[in-house]
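In: need the 3D shape of this:
(one chain, ligands or ions: 1)
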Amino acid sequence: MKSLTCQSCGLPFSKKFRGTNKDLSKNSDYCLNCFKDGTFTNHQLNIQDMEKKLLEMARHHDGLTLEEAQQTIKILPDLKRWKMTHIL
Ligand SMILES: [Zn+2]
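Out: Residues are numbered from 1 along each chain as shown. Next up, the predicted model:
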């Protein structure tokens, strides 16, 4: 199964964990953690919060290593969500 990269958290996710649009179709840009029913699950989140969240996950060994978290943080500014001047 080809894994996708979430355009919000920068983490790889499988097809099964694609986010959902308002019409319940799948959204391949975002993972289900970040995007559900056509909207971001956490609107208030900014890029700094996302960095903290990734480091926090690494600290708790929640799916990624510290190195992976740091790699992911590097790509965050290039992701669709953070490229936008105005967040949904
Ligand atoms: Zn995500």
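In: residue farthest from the centroid of the chain?
Out: D23 (20.5 Å; C-alpha atoms, centre = their mean).
In: quick check: closest non-adjacent residue to that residue.
Out: For D23, ignoring the flanking residues on the chain, the nearest one in space by C-beta to C-beta, 6 or more residues apart in numbering is G38 at 7.7 Å. Placement of C-beta: from N, CA and C, glycine included.
In: quick one: the longest strand along the chain near the ion?
Out: For the chain, the strand that runs over the most residues, judged by DSSP state E, is strand 26-31. Yes. Using C-beta under 5 Å from the ion, we find that strand 26-31 touches the ion at C31.
In: who touches the next helix or strand after that strand?
Out: Tracing the chain past strand 26-31, the next element assigned as helix or strand by DSSP states H and E is strand 35-36. For strand 35-36, the surrounding residues in contact (C-beta atoms under 8 Å, 6 or more residues apart in numbering) are 8, 19-20, 27, 29, 41.
In: one more: stretch 3-17?
Out: By C-beta under 8 Å, 6+ apart, stretch 3-17 touches 1-2, 18, 26, 28-35, 40, 50, 53-54, 63-64, 72-73, 75-76, 79-82.
In: same thing but 7 Å
Out: 1, 28-35, 40, 50, 72, 75-76, 79-81 (C-beta atoms under 7 Å, 6 or more residues apart in numbering).
In: again with stretch 48-56
Out: Against stretch 48-56 from outside (C-beta under 7 Å, 6+ apart): 9, 69, 72-73, 76.
In: one step back: which strands or helices does the longest strand of the chain pack on?
Out: strand 18-20 (3 or more C-beta pairs under 7 Å, 6 or more residues apart in numbering; DSSP states H and E).
In: what about the residue nearest to K80 when sequence neighbours are not counted, neighbour count?
Out: Distances taken as C-beta to C-beta, 6+ apart put Q7 closest to K80, at 3.8 Å, once the chain neighbours are dropped. Look at Q7: counted by other C-beta atoms under 10 Å, it has 22 neighbours.
In: so where does K52 fall, helix or strand?
Out: helix 47-59.
In: and that helix, which residues are buried?
Out: Neighbour counts using 16 or more other C-beta atoms under 10 Å place 50-51, 53-55, 57-58 of helix 47-59 among the buried residues.
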